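>>> coords below, sequence missing:
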């Protein structure tokens, strides 16, 4: 890593927020991952734009992450700069009331936690995001993958988003511009980074909204393996099927590779029992994909995002997880 890049980032953000050789296992919900060359904490859209400009001008690899809740980082770590979005020091969100029908447009920084935003909006009586109250990612990460749960998703309530292009231009995009579909937006393919999102919510009864959040929290605790590190649902839902049901019917409940395990509580989750490596997780994913394909003729696709150097893995694992070139 060029020393000049680190110096410039420190000048913008302060040396306390620019860390070298930072273990990524501390910054992913899987609790897995080797060191990043440089790890930077970002607290605002302006800081993100400035840091990306430095990396672009210095021609260093750069990766933007949120809470690390949908990531598997290689055991070898990440070469380059990781920009980690985190909650800002300003107000959680800005609001503007549409007087004609009582709806409310709420704008929130991409680094805020989606669940925190959903709960705080509900407490104010701004309803429509209750489904998001248990999603452990940032607003930007949720926008990138059109996150969803319990019959709700980002597309249902997104009005607009501000994004940063590869060239450093800030643009306002509508929900339609982002081509939101099941667990997909066009941000990654266009090389764009979310800066903020504006959601269209409705005025309602805060107590009713909070009761719905409590109900969903109870369901989540009953059905999901929340006591173990994981990246949430490991596989995308195949059309016409449920990934967890296919994995269960293939006899893989509790299947292990090292300390990686198909959750016994919910087969759609792969969990870290304590000291799982990225290779353990990837090998297990490949095994599950092969078994489900052989038994049911259905191809499971990983929902998680892979970052870092995965070279040296067996070809079957590389292919199963679509890791060629990483």
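Arrived safely, thanks for sending. These numbers were taken from a predicted model, which means no experiment stands behind them.
>>> longest strand anywhere in this structure?
strand 193-203 (DSSP state E).
>>> which parts of that strand are buried?
Going by neighbour count (16 or more other C-beta atoms under 10 Å), the buried part of strand 193-203 is 193-201. The C-beta positions use only the backbone N, C-alpha and C, and glycine is treated the same way.
>>> Starting from it, tell me which strands it pairs with and how they run.
Within its sheet, strand 193-203 is paired with strand 103-109 (antiparallel), strand 126-127 (antiparallel), strand 158-164 (antiparallel), according to DSSP bridges.
>>> Can you lay out the ones you listed as TSV showing distance to residue 47 and mean neighbour count?
Converted to TSV, those look like this (distance: least, C-beta to C-beta, whole Å; neighbours: other C-beta atoms under 10 Å):
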stretch	distance to residue 47	mean neighbour count
strand 103-109	10	21
strand 126-127	27	23
strand 158-164	12	21
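>>> Throw these into JSON lines and include distance to residue 74 and mean pLDDT, thanks.
Output for these, formatted as JSON lines (distance: least, C-beta to C-beta, whole Å; pLDDT from 0 to 100):
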{"stretch": "strand 103-109", "distance to residue 74": "29", "mean pLDDT": "91"}
{"stretch": "strand 126-127", "distance to residue 74": "40", "mean pLDDT": "94"}
{"stretch": "strand 158-164", "distance to residue 74": "26", "mean pLDDT": "95"}
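>>> now those in a markdown table, with distance to residue 272?
Converted to a markdown table, the strands paired with strand 193-203 look like this (distance: least, C-beta to C-beta, whole Å):
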| stretch | distance to residue 272 |
| --- | --- |
| strand 103-109 | 30 |
| strand 126-127 | 35 |
| strand 158-164 | 32 |
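>>> So residue 70 is in contact with residue 140, correct?
No. Taking C-beta atoms under 8 Å as the definition, residue 70 is not a contact partner of residue 140, at 11.6 Å.
>>> Averaged pLDDT, stretch 215-223. What do you get?
Mean pLDDT, stretch 215-223: 95.
>>> Map the structural domains onto the sequence of this structure.
Domains of the chain are assigned by automatic domain parsing as 3-85, 93-222, 225-320.
>>> what's the spacing between the second one and its chain's center?
Looking back up the chat, that one is domain 93-222. 13 Å (C-alpha atoms, centre = their mean, to the nearest Å).
>>> distance between the ends of that domain?
For domain 93-222, the first-to-last residue distance is 31 Å (C-alpha to C-alpha, to the nearest Å).
>>> How about the last one?
The first and last residues of domain 225-320 sit 24 Å apart, counting by C-alpha to C-alpha.
>>> on that earlier part again, nearest to residue 307, out of the strands paired with strand 193-203?
With C-beta to C-beta as the criterion, residue 307 lies closest to strand 158-164 of the strands paired with strand 193-203, at 19.2 Å.
>>> what's in contact with the closest one?
Strand 158-164 is touched from outside by 45, 48-49, 52, 105, 143, 170-175, 178, 180, 187, 192-200, with contacts defined as C-beta atoms under 8 Å, 6 or more residues apart in numbering.
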